[in-house]
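1. Below is the sequence, then the predicted model.
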Amino acid sequence: MIQRRAVTTTLGVALIGLSGLVQAQQAQQAQEIYIPLVSKGFQHQFWQAVKSGAEQAAKDLKVKVSFEGPESESMVDKQIDMLSAALAKKPQAIGFAALDSQAAIPLLKKAQAAKIPVVAFDSGVDSDIPVTTTTTDNKAAAALAADKMAELIGKSGEVALVVHDQTSRTGVDRRDGFVNRIKSTYPNIKIVSVQYGGGDQLKSTEITKSILQASPNLKGIFGANEGSAIGVVNGVKEMKRSGKVVIIGYDSGKQQKNAIADGSMAGAITQNPVGMGYKTVEMAVKAIKGEKLPKVVDTGFFWYDKTNITDPKIAAVLYD
Amino acid sequence: MTTGDNPLTTPTATTAAATPDAPGFSLKARLFRPATRQKLLAFASLIALMVFFSFASPQFLQTDNLVSILQSTAVNGVLAIACTFVIITAGIDLSVGTLMTFCAVMAGVVLTYMGMPLALGIAAAIFFGALAGFVSGVLIAKLKIPPFIATLGMMMLLKGLSLVISGTKPIYFNDTPGFTAISQDSLIGDLIPSLPIPNAVLILFLVAVAASILLNRTILGRYTFALGSNEEAVRLSGVNTDFWKVVVYTVSGGICGIAGLLIASRLNSAQPALGQGYELDAIAAVVIGGTSLSGGTGTIVGTIIGAFIMSVLTNGLRILSVAQEWQTVITGVIIILAVYADILRRRSSSNKH
């Protein structure tokens, strides 16, 4: 009995000691500006690059940031819970990449009421609550991909798209940006198929193989995000159609960079995820200081291929 | 029906284990009954977690944060209740997550596409939930497809249907005033302003009470436990087990319909791509709550505590700004520990008797 009590007491003391430690640490942090970023994802290398940009800015501007996002881009409610926990920490500002604008409105209103400035990143929020939005113009970027595709296949023939998602903003914008440009500008190019693979490399591989099977004359495929693009490369390889099908990707990552270097992929669009993370934190700090901000901060996009992949300007925005 | 009317009245391991302390038992004996002790253990873990997080962060124990914990438990809690019924019959339901989404989409079709009144939208969600549950039940009971496979098929089928019916776009409920009130408003807060507990939580508790009554006080509950303990014996005693199995899956489906309403109301939209993965959270809550995957035992109270343990843990780790990859690791460890503690407890209580 005594022994048990001793154990309980030790545990209790340890627990209180531990929490005291955490509190002391938090008190120390209290003087520091804290900005949580709630993103759309967390596992993809793209989001890790946004995170690294945010951390770089945090270091430069001497603030503290945290970075969180749900496991998949369909988990709207999980993201809302994350935003809610972030607000509970009473931060000085918050960065938020909404999976669904409308769903987040009640919490954004709460942030507004608590005078916590919100910086939207990656995709906009249909509301005037965010003080600014740092984003890539995905439609324009995908249209550039369409122009490059047209150029590479000689402005005629069959092409297909492997897109990551039919409900998310980026999925819809990239698909529409590509499809609309082809339809409006290149009458001799026919889009034979638009398929969705959830950004999953394996699923996108299988999809690509079935598209190739169905269209023996296919001239090009656009993979609308990292996972999709790698799936396309794999699918084309497995069907032994390398060199006969022009592949255009999106974003970067080691595999995609290798594919471009060895010629199995013609080129890709890259956003500037590191810059996006950096700008988000920078804008948040400006908002805390009460500076006036532009409504949209375009973080830009670039076309890259074998010829410019090592160009320092491009290499800086690519991630592994 | 009183105890003893029917040989099936004490088919559960928990009740069976409780028989030794017959009438006249003291409060102490009652407290140390295995069934109660199991709930106490789970409840104690929940309290311990809350105490820890309260000490670790001053932001944890604030009304706002507690309210968001409650709110984040609502959907998983209701899904876990739906799962509890099925798991007690020694079955499993992998379709609860996508079924929830399907019900949300059907509510969207009725309310937004067809412009029907709110009550019909609510009825539609529950009806389609029950219908899908009924189909699962028939697949399992009549066609003898193992529950794991039948509901795996239903999971995919419903996910696909949600995307097809919604045209792969979220359906918004902007034209239905009052729809967001189902989940977001607070009736309790209107009465007691210092307690702004959202309606979603109220609904979770109402569903829990109703499910408890259904499970412990009705013939449906009795057969639910009986099916999980010894289906063959039940069949041999002349009960139409197929019928009752279909009923259990139908009830479970209807409860998923309620979860569909809660999530749609909270997001003011039916998100057709959401749902997969939610079944695993629900099953984890059920198991942490002490319901055995081999069937025959389980309580709704346990499931609710299990659901709260999961959301307190998730919220607390976020408040402490624990790196997200570690949050997942810790949650996994806690699930394993919780279930192992339960196994130890069972072993020690079965040794005693």
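-> Cool, got the structure. Numbers count the residues shown, from 1 in each chain, chains lettered A, B, ... in the order given.

2. Could you pull out the helices in chain A for me?
-> Applying DSSP state H to chain A gives helices spanning A:2-30, A:45-61, A:76-88, A:101-113, A:138-153, A:169-185, A:201-214, A:226-238, A:254-261, A:273-288, A:312-315.

3. contacts for the fifth one?
-> What it means is helix A:138-153. Identification of contacts with helix A:138-153 by C-beta atoms under 8 Å, 6 or more residues apart in numbering or on different chains yields A:159, A:169-170, A:173-182, A:185-186, A:189, A:219-220, A:222, A:224, A:246, A:248, A:250, A:266-269, A:271, A:301, A:303. Bear in mind the C-beta positions are built from the backbone N, C-alpha and C, glycine included.

4. Next one: B:Ala90 from B:Lys245, what distance?
-> 10 Å (C-beta to C-beta, to the nearest Å).

5. Overlap of the contact sets of the two?
-> The contact sets of B:Ala90 and B:Lys245 overlap at B:Leu227 (C-beta under 8 Å, 6+ apart).

6. count of neighbours near B:Asp281?
-> Neighbour count of B:Asp281, defined by other C-beta atoms under 10 Å in any protein chain shown: 22.

7. Check B:Phe243 too.
-> B:Phe243 has 13 nearby residues by other C-beta under 10 Å.

8. who touches it in this structure?
-> Contact analysis of B:Phe243 by C-beta under 8 Å, 6+ apart lists B:Ala141.

9. Could I get the phi/psi values of it?
-> phi -60, psi -50 (degrees, to the nearest 10).

10. distance of A:Ala49 from A:Ser39?
-> Going from A:Ala49 to A:Ser39 by C-beta to C-beta gives 11 Å.

11. actually A:Gln256, not the one I typed
-> From A:Gln256 across to A:Ser39, the span is 21 Å (C-beta to C-beta).

12. Equivalent analysis for A:Arg241, please.
-> Counting by C-beta to C-beta, the gap from A:Arg241 to A:Ser39 is 36 Å.

13. Can you list phi and psi of the residue nearest to A:Gly171 when sequence neighbours are not counted for me?
-> Take A:Gly171 and drop its neighbours on the chain: the residue closest to it by C-beta to C-beta, 6 or more residues apart in numbering or on different chains is A:Asp165, 3.6 Å away. A:Asp165 adopts backbone torsions of phi -160, psi 140, taken as degrees, to the nearest 10.

14. Just give the number of residues close to A:Asp165.
-> Per other C-beta under 10 Å, the neighbour tally for A:Asp165 reads 23.

15. and what of B:Glu325?
-> Number of residues near B:Glu325 (other C-beta under 10 Å) recorded here: 9.

16. What strand or helix carries it?
-> In this structure, B:Glu325 sits in helix B:324-352 according to DSSP states H and E.

17. circling back: and the helices of chain A: which comes nearest B:Thr224?
-> Among the helices of chain A, the nearest to B:Thr224 by C-beta to C-beta is helix A:76-88 (29.0 Å).

18. list the helices and strands that closest one packs on?
-> In this structure, helix A:76-88 packs against strand A:34-38, strand A:64-68, strand A:94-96, helix A:101-113, helix B:63-88, helix B:241-267, helix B:300-319, with contacts taken as 3 or more C-beta pairs under 8 Å, 6 or more residues apart in numbering or on different chains; DSSP states H and E.

19. what packs against the first one?
-> Under the contact criterion of 3+ C-beta pairs under 8 Å, 6+ apart, strand A:34-38 touches helix A:45-61, strand A:64-68, helix A:76-88, strand A:94-96, helix A:273-288.

20. hey, least reliable of the helices and strands packed on helix A:76-88 by pLDDT?
-> Among the helices and strands packed on helix A:76-88, helix A:101-113 has the lowest mean pLDDT, at a mean of 89.

21. which parts of that helix are buried?
-> Neighbour counts over helix A:101-113 (16 or more other C-beta atoms under 10 Å in any protein chain shown) mark A:101-105, A:107-108, A:111 as buried.

22. I'd like those laid out as JSON lines, including distance to chain B.
-> Shown next, in JSON lines, are the buried residues of helix A:101-113 (distance: C-beta to the nearest C-beta, whole Å):
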{"residue": "A:Ser101", "distance to chain B": "10"}
{"residue": "A:Gln102", "distance to chain B": "5"}
{"residue": "A:Ala103", "distance to chain B": "4"}
{"residue": "A:Ala104", "distance to chain B": "9"}
{"residue": "A:Ile105", "distance to chain B": "8"}
{"residue": "A:Leu107", "distance to chain B": "9"}
{"residue": "A:Leu108", "distance to chain B": "13"}
{"residue": "A:Ala111", "distance to chain B": "12"}
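
23. More neighbours: which of B:Ala90 and B:Lys245?
-> Using other C-beta under 10 Å, the more surrounded residue of B:Ala90 and B:Lys245 is B:Lys245, with 24 against 17.

24. Nearest spatial neighbour of B:Asp64, chain-adjacent residues omitted?
-> Closest residue in space to B:Asp64, ignoring its immediate chain neighbours: A:Ala88 at 5.8 Å, by C-beta to C-beta, 6+ apart.

25. I meant B:Ser321, not that one.
-> Distances taken as C-beta to C-beta, 6+ apart put A:Ser66 closest to B:Ser321, at 4.7 Å, once the chain neighbours are dropped.

26. number of nearby residues for whichever residue of chain B sits closest to chain A?
-> Taking C-beta to the nearest C-beta, chain A has its nearest neighbour within chain B at B:Phe55, 3.1 Å off. As a burial measure, B:Phe55 scores 18 neighbours (other C-beta under 10 Å).

27. which helices and strands sit right next to the helix or strand containing it?
-> B:Phe55 belongs to helix B:34-56 when assigned by DSSP H and E. Helices and strands touching helix B:34-56, by 3+ C-beta pairs under 8 Å, 6+ apart, are helix A:2-30, helix B:13-18, helix B:27-31, helix B:300-319, helix B:324-352.

28. Assumed B:Ser321 was part of a helix.
-> No. Counting by DSSP: H, G, I helix; E, B strand; the rest coil, B:Ser321 is located in no helix; its state is coil.

29. what are the phi and psi values for it?
-> phi 50, psi 40.

30. Surely it is in contact with A:Phe67?
-> No. With contact defined as C-beta atoms under 8 Å, B:Ser321 does not count as touching A:Phe67 (9.7 Å).

31. which residues touch A:Asp173?
-> A:138-139, A:142.

32. ok, so what distance separates it from A:Thr299?
-> From A:Asp173 across to A:Thr299, the span is 15 Å (C-beta to C-beta).

33. B:Pro58: neighbour count?
-> Other residues lying near B:Pro58 total 17 when counted by other C-beta under 10 Å.

34. Of all pairs in the buried residues of helix A:101-113, which one is the farthest apart?
-> Using C-beta to C-beta, the two most remote members of those are A:Gln102 and A:Ala111, lying 15.5 Å apart.

35. Would you mind giving me the confidence score for B:Lys39?
-> Predicted confidence (pLDDT) for B:Lys39: 69.
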